[in-house]
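Trainee: Let's see this in three dimensions:
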Amino acid sequence: MDRPGTHTMAAAPVVISQDEVRSLLRYRDLIPRLEDALAKFSRRDSADVIQPVRSTVPYFGLMPTYMENDGVLCTKVLCFYKRQAGSALPSVQSTVLILDPEYGNVQAVIDGEVITGMRTAAASAISAKLLMPARAEVLAILGSGHQARSHYSVFTEIFTFKEVRVWSQTRASAERFSDWAGGAVRVCGSAEEAVRGADVIVTVTRATEPVLLGQWIKPGAHVAAVGACRPDWRELDDALMKEAVVYADSKEGAKAESGDIILSGAEVFAELGDILNGTSPAHREKTTVFKSLGMGLEDAVSAKLVFDRWRAKNSQT
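Mentor: As a prediction, the model looks like this:
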């Protein structure tokens, strides 16, 4: 039992808005931190990172993480919905909470939209760094929403492609994406047109049935599959999943949440952290798939970076 007078009153939580997160978070700083965290996660003999698979009830999810050596206790709370096509309502809303690991009080309440978009795109970029062909010239993006934009931003920031293509369920959406990108993206009339001959393919759709077929993909291409994050949803067909060498951020998460893996019966060869640790090879010469489910660990690392930058900025004012 705690003794009276042994605790001091905690300061009120800091609230960090979406615009502030956008001004504080940079891919060049985030990517090396995510690489380090993914490597730690895949070292199963290390107790430094504790992160269970996402816990969900209808419309609501919780993604907690504890990183002992980094002094990070964090969780993301999110609401997710299957919206009708054309709906103006968001399909996902999220907030990240940073807690003091010693006292348990909430230190920061951080808008999760930018963090989710950037940490997801950064993880996909790490997969491409490790797995895409040595001379990758063509990038194809299937989807045109927020995740498509974050992926375009990081992939064109850290890689050089001769051509970028986009396809979306409606041409109007793809054209809006191209306009946002300054016209530097070729709008394609079909998913097949977008991916034929592409070296790197990013799937960021709301699809529940496959939109990317293995027969369209050239040997040795790398696919970063981001959508279809439920056990009964698909973006990739059986032919692709069974032909490719499949990697994931978390084997446990992929086996529990990925319809692309569960419904195809494909085996996850390794985690990205295994490649980073040197315990599994990166098969650049083969067709590869990175199945991204997103992890609380990635949110925690991103939120910690934002919170540290916010404190440094405000200590100077």
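Trainee: what's the pLDDT at Arg206?
Mentor: Arg206 carries a pLDDT value of 88.
Trainee: so when I look at it, I'm seeing a strand, right?
Mentor: No. Counting by DSSP: H, G, I helix; E, B strand; the rest coil, Arg206 is not part of a strand but coil.
Trainee: Quick one: classify the nearest residue to it once chain neighbours are set aside as helix, strand or coil.
Mentor: Using Cβ to Cβ, 6 or more residues apart in numbering and skipping residues adjacent in sequence, the residue nearest Arg206 is Gly227, 6.4 Å away. Placement of C-beta: from N, CA and C, glycine included. What three-state DSSP gives for Gly227 is coil.
Trainee: wait, what's in contact with Gly227?
Mentor: Neighbouring residues of Gly227 by Cβ atoms under 8 Å, 6 or more residues apart in numbering: 143, 147, 203-207, 233, 235.
Trainee: Closest one of those residues to Ile262?
Mentor: Taking Cβ to Cβ as the measure, Ile262 lies nearest Trp233 of the contacts of Gly227, at 9.9 Å.
Trainee: dump the residue contacts of the closest one.
Mentor: 207-208, 227, 259.
Trainee: swap the cut-off to 7 Å and go again
Mentor: Contacts for Trp233 (Cβ atoms under 7 Å, 6 or more residues apart in numbering) come out as 208, 259.
Trainee: what's the closest of the contacts of Gly227 to Glu102?
Mentor: Using Cβ to Cβ, Gln147 comes nearest to Glu102 of those, at 35.4 Å.
Trainee: Next up, phi/psi of the residue nearest to Arg206, please.
Mentor: Note on Gly227: backbone dihedrals following degrees, to the nearest 10 are phi -80, psi -170.
Trainee: The helix or strand encompassing Thr65 pairs with which strands?
Mentor: Secondary structure from DSSP states H and E places Thr65 in strand 60-67. When sheet partners are counted by DSSP bridges, strand 60-67 sits next to strand 49-50 (antiparallel), strand 55-57 (antiparallel), strand 72-80 (antiparallel).
Trainee: Return the set of buried residues in it.
Mentor: 61, 63-67 (16 or more other Cβ atoms under 10 Å).
Trainee: Out of the helices and strands in this protein, which is least certain?
Mentor: Ranked by mean pLDDT, DSSP states H and E, the weakest helix or strand in the chain is strand 55-57, scoring a mean of 88.
Trainee: Buried residues, it. List them.
Mentor: With the criterion 16+ other Cβ under 10 Å, strand 55-57 contains no buried residue.
Trainee: which residues are in contact with it?
Mentor: Contact partners of strand 55-57, identified using Cβ under 7 Å, 6+ apart, comprise 61-62.
Trainee: could you redo the last one with a cut-off of 6 Å?
Mentor: Leu62 (Cβ atoms under 6 Å, 6 or more residues apart in numbering).
Trainee: Please report how far Ala254 lies from Leu293.
Mentor: Using Cβ to Cβ, to the nearest Å, Ala254 is found at 6 Å from Leu293.
Trainee: Which residues are in contact with each of the two?
Mentor: By Cβ under 6 Å, 6+ apart, no residue touches both Ala254 and Leu293.
Trainee: now Val268, which residues is it bridged with?
Mentor: Bridge pairing for Val268 - DSSP bridges - gives Val246.
Trainee: swap that for Thr95, sorry
Mentor: Val77, Asp111.
Trainee: those helices in the protein, which residues are they?
Mentor: For the chain, helices defined by DSSP state H occupy the ranges 18-24, 27-42, 113-131, 146-158, 171-180, 191-195, 238-243, 251-257, 259-264, 272-277, 296-315.
Trainee: looking at the ones you listed, which is buried most?
Mentor: Neighbour counts (mean count of other Cβ atoms under 10 Å) averaged over each of the helices of the chain peak at helix 113-131, with a mean of 24.
Trainee: How about residues contacting it?
Mentor: Contacts of helix 113-131 (Cβ under 6 Å, 6+ apart): 18, 21-22, 25, 27, 30-31, 34-35, 94, 96, 146, 150-151, 154, 158, 200, 222, 224, 249, 272, 275, 282, 284, 288, 290, 292, 294, 298-299, 302.
Trainee: Please name the nearest non-neighbouring residue to Lys162.
Mentor: Distances taken as Cβ to Cβ, 6+ apart place Glu137 nearest to Lys162, at 4.4 Å, with adjacent residues excluded.
Trainee: quick one: that neighbour and Val164 touch, right?
Mentor: No. Between Glu137 and Val164 there is no contact under Cβ atoms under 6 Å: 10.3 Å.
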